[in-house]
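Asker: Give me a 3D structure for the following:
(one chain, ligands or ions: 1)
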Amino acid sequence: MTINSFEQRLLDGRVTRRELLALGGGFAGLLAFGASPATAWASRALPRGGVCGANPFTLGVASGEPLDTGVVLWTRLAPNPLFGGGMSEAAVTVRWEIATDDRFRRIVQRGDVEARSAMGHSVHVEVNGLEPSRHYWYRFIAGGETSPIGRTRTAPRRGTATDAMTFAFTSCQNYQAGFYTAHRHLAQEDVDLVVHLGDYIYEGGVGVNTPRQHNSAEITTLEQYRNRYALYKSDPDLQAAHAAAPWVVTWDDHEVDNNYAGDHEERGATRDAFLIRRAAAYQAYYEHMPLRTSSMPVGPSLQLYRRLMFGSLLQLDMLDTRQHRTPQPCGDSFILRCDGARDPAATILGAAQEQWLLDGLTSGAATWNVLANQVPFVPATRRVSPDGREWNGTGSPALSMDKWDGYAVQRQRVHAHLRDARIANPIIITGDVHVSWVADLPSNLDDMSSRPIGTEFVGTSISSAGNGAAVTPVGNGMLSDNPHLRFFNSQRGYSRCRVTPTAFTTEYRVVPYVERPDAPISTVAAFTVEAGRAGVQRS
Ligand SMILES: [Fe+2]
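Answerer: Reported below is the predicted structural model:
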């Protein structure tokens, strides 16, 4: 593939948003995606029911990024969701409404927004002027069709005392691995917020003997990523979870490609080829998430790390440990000792994000400092096969180079800052590994029995890895080799947190199976950290 100067600037992130918009079709010329079907749902013909009677709201609605004064409202017009969306190239005007009641008797704001083909006919409405700590209901209208109704909630007033907030965190929802029963239960939890820690989609091809199947071979183009998001978001349980509460999202690797690192692809694609793929994946991610326009992608770059405040109770730092990292040392496998893991130049955050994180922790004034993180932070060995590829629970103890264990020098700096700057009540919430564990963060990373300065709650997957079990050889191996681990469970589910000025409690909510869609939910364990007293207590 030859790269011209514009494309090179785009790959380097030096193309301005204005230039991209001036292209009319975004960077569609660079990222080949197919034309919409001839039967497209078009803006110029909007009889009640739309052209061909197609409902454009097949992917549901969502909200996110709550402030004390506003939220982002999202939908995407896609009457033919699995095959490019089914829209023509024309822009479509979408009406949005937000009300203080679910029957829309008291609509407090409404407006029109353009859904453009360059953005997959997605819309991201940034609503301002709302009241803090309040539920709102929202909907969209286009082509004579009205969307499902979503409920959202604004954050508590910035800097003011807040009695309590609840949120859930979740990750890893491989569509093929099982049903989204956990999302169905999550939709009933009445939490103020859902935090998604990544692996919202998986990029792989069609599974064999899986409960559900992907809709194509491995995805690499914008159209393919769009169709994959459409498959995932067509799930009614996932739509229900979005419609029930605002979401704050970050990504891990599978939104682009397994175990990618910055501009480096696991199977050795050239940097240029991979960045073109990454640009397609990032654009599709933005199109399908309730993100602010400040996260609109520019070429292969997307600003994802950011900070949200919930009264004076909680500061939520959303991390991005994929886009800015250097390649995993010693490959991306499991190994006990790897010199590269102690390379001072290795980074999982990048220099700018590290500085942003440390500065924000220093200046923050919240009772709880929550780091929403992708891959496990606290050191932990696991037993793996002799070739270092398989985590089997019976082989030799090793560290995973794809986690913070592979970037020990930067972890040391973040850890030292948490400890030495006496950051208030650090809590790390983590996804990625498709199991749950709880680990206190020791004051000395070389002595795991040293006094704790914080706690990491690792949350399990919604569906990835399929049916789980409470007790497994993998878990038993980790617990026996890592005495600082307080809990291990391999079942599917999500984590529910209740936060007050005096306590932070995490409940592990699990389903016994995912290969059928009717599993019940239960709490398998709960842990509490008391404010001012680092270290978790089983509750
Ligand atoms: Fe995952």
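Asker: Let me know the next secondary structure element after whichever helix in the chain runs longest.
Answerer: What stands out as the longest helix in the chain, according to DSSP state H, is helix 271-288. On the C-terminal side of helix 271-288, the closest following helix or strand by DSSP states H and E is strand 306-310.
Asker: Strand partners (parallel or antiparallel) of the next helix or strand after that next one?
Answerer: Per DSSP H and E, the first helix or strand lying C-terminal to strand 306-310 is strand 314-318. Paired strands of strand 314-318, with direction, are strand 306-310 (antiparallel), strand 368-373 (parallel) (DSSP bridges).
Asker: Check which helix or strand Ala526 maps to.
Answerer: Here Ala526 sits within strand 522-530, counting by DSSP H and E.
Asker: try His242
Answerer: Assigned by DSSP H and E, His242 belongs to helix 236-244.
Asker: Other residues contacting the helix or strand just after that helix?
Answerer: Proceeding N to C from helix 236-244, the next assigned helix or strand is strand 247-249, under DSSP H and E. Contact with strand 247-249 is made by 62-66, 193-196, 200, 289-291, 308, 316, 318, 372, as judged by Cβ atoms under 8 Å, 6 or more residues apart in numbering. Every C-beta, even on glycine, is put in place using the N, C-alpha and C of the backbone.
Asker: what pLDDT, on average, does strand 247-249 get?
Answerer: In this model, strand 247-249 has an average pLDDT of 99.
Asker: Please name whichever of the strands paired with strand 314-318 is nearest to the ion.
Answerer: Closest to the ion of these is strand 368-373 (Cβ to the ion; 13.6 Å).
Asker: relative to strand 522-530, how tilted is the closest one?
Answerer: 130 degrees (axes from the mean of the first three to the mean of the last three Cα atoms, to 10 degrees).
Asker: Next secondary structure after strand 368-373?
Answerer: Later in the chain than strand 368-373, the nearest helix or strand by DSSP H and E is strand 382-384.
Asker: distance between that following strand and the chain's centre?
Answerer: Remark: strand 382-384 is offset 27 Å from the chain centroid, using Cα atoms, centre = their mean, to the nearest Å.
Asker: same check, this time on stretch 128-139
Answerer: Remark: stretch 128-139 is offset 23 Å from the chain centroid, using Cα atoms, centre = their mean.
Asker: Which strands or helices does the helix or strand hosting Leu231 pack on?
Answerer: According to DSSP H and E, Leu231 maps onto helix 222-233. If you count contacts as 3 or more Cβ pairs under 8 Å, 6 or more residues apart in numbering; DSSP states H and E, helix 222-233 packs onto helix 271-288.
Asker: Next, the buried residues of the helix it packs on.
Answerer: Neighbour counts over helix 271-288 (16 or more other Cβ atoms under 10 Å) mark 272, 274-288 as buried.
Asker: In contact with the nearest residue to Glu266 once chain neighbours are set aside, which residues?
Answerer: Counting by Cβ to Cβ, 6 or more residues apart in numbering, Glu266 lies nearest to Asn259, which is 4.8 Å off, once chain neighbours are set aside. Taking Cβ under 8 Å, 6+ apart, we find Asn259 in contact with Asp253, Glu266, Gln328, Asp332, Asp402.
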